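S.K.: Show me the folded form of this:
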Amino acid sequence: MTDETDFNDHLVVSQIVSGQKNLFRLLVRQYERAVYGMGISFFRNKEDASDFTQEVFLKAYRSLSQFEGRSRFSTWLYKIAYNTAINEVNRRKEYYSLAEESAGRLSNPGDTPERIAIKNSAREAVQEAVKGLPERFRICVDLYFHYDRSQKEIEAITGYPLNTIKSHVFRAKKMLREKLEHLKEIE
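M.R.: A predicted model of the protein is given here:
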């Protein structure tokens with residue numbers, strides 16, 4: 001996000017709060033894909049992700065007057081999305097990492113069958129390794145690497161202290177490195 005995007009978001013929010021309710025569609029258009037992606041990573045199916053996305057934007061719309069502008073709008077929205085997802089996950093007791101979803105997009109059109117098999121094997125190993133991480137580590141890793149959130153933003157989204165986030169990401173990377181050491185030999 002750029003400073004210009006942040007400024008525009010804050011301007012749009014202030015106009016919506018001032019009565020121009022139809023401008024909310026601009027925020028939905030800007031962030032719908034990211035919120036939906038978070039829904040997919042948590043719920044793993046399109047219907048639940050769509051319902052989740054609608055619920056998040058409805059909550060955001062209802063709470064828009066509470067947005068104080070001390071953080072990016074995207075961070076505030078992701079916090080709503082994260083809390084909504086965590087509440088639903090706690091109800092359902094399931095969480096899937098976005099790494100599992102995006103790892104399948106490794107192949108290039110020119111890859112040989114052998115290369116595709118190697119990539120598929122590596123993808124499966126990464127998925128298994130990520131699944132083996134404690135949930136709090138997976139959440140921090142997803143937000144950091146797949147949603148490109150800074151550690152400060154992850155703190156605002158999850159409520160975890162900054163040093164805890166740093167530790168979770170560090171430990172997760174170390175655990176993944178150890179679990180995936182054997183992949184160096186495959187390449």
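
S.K.: wait, what's in contact with N120?
M.R.: Shown in contact with N120 (C-beta atoms under 8 Å, 6 or more residues apart in numbering): no residues. C-beta coordinates here come from the backbone N, C-alpha and C atoms, glycine included.

S.K.: Could you look up the next helix or strand downstream of the helix-or-strand element of the chain with minimal mean pLDDT?
M.R.: In the chain, no helix or strand scores lower on mean pLDDT, DSSP states H and E than helix 98-102, which sits at a mean of 51. Downstream of helix 98-102, the first helix or strand assigned by DSSP states H and E is helix 113-131.

S.K.: got the domain boundaries for this structure?
M.R.: Split into domains by automatic domain parsing, the chain comes to 1-96, 97-187.

S.K.: Mean pLDDT lowest where, among those domains?
M.R.: Among the domains of the chain, domain 97-187 carries the lowest mean pLDDT, at a mean of 77.

S.K.: Backbone dihedrals for Y147, please?
M.R.: Per-residue torsions, Y147: phi -110, psi 0 (degrees, to the nearest 10).

S.K.: Do I have it right that it meets L77?
M.R.: No. Under the criterion of C-beta atoms under 8 Å, Y147 makes no contact with L77, lying 11.6 Å away.

S.K.: Those two: which has the busier surroundings?
M.R.: More neighbours surround L77 than the other of Y147 and L77, with 25 against 19 (other C-beta atoms under 10 Å).

S.K.: what's the host helix or strand of K166 in contact with?
M.R.: If you go by DSSP H and E, K166 is part of helix 162-179. Helix 162-179 is contacted from outside by 125-126, 128-130, 132-133, 136-138, 140-141, 144, 151-152, 154-155, 158, 160, using C-beta under 8 Å, 6+ apart.

S.K.: go on, stretch 23-39?
M.R.: 5, 9, 12-13, 15-16, 48-53, 56-57, 60-61, 64, 73-74, 77-78, 81-82, 85, 98, 147.

S.K.: PyMOL command to pick out the buried ones of the residues you listed?
M.R.: The buried residues among those can be selected in PyMOL (16 or more other C-beta atoms under 10 Å) with this line:
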select buried, resi 9+12+13+16+49+52+53+56+57+60+64+73+74+77+78+81+82+85+98+147
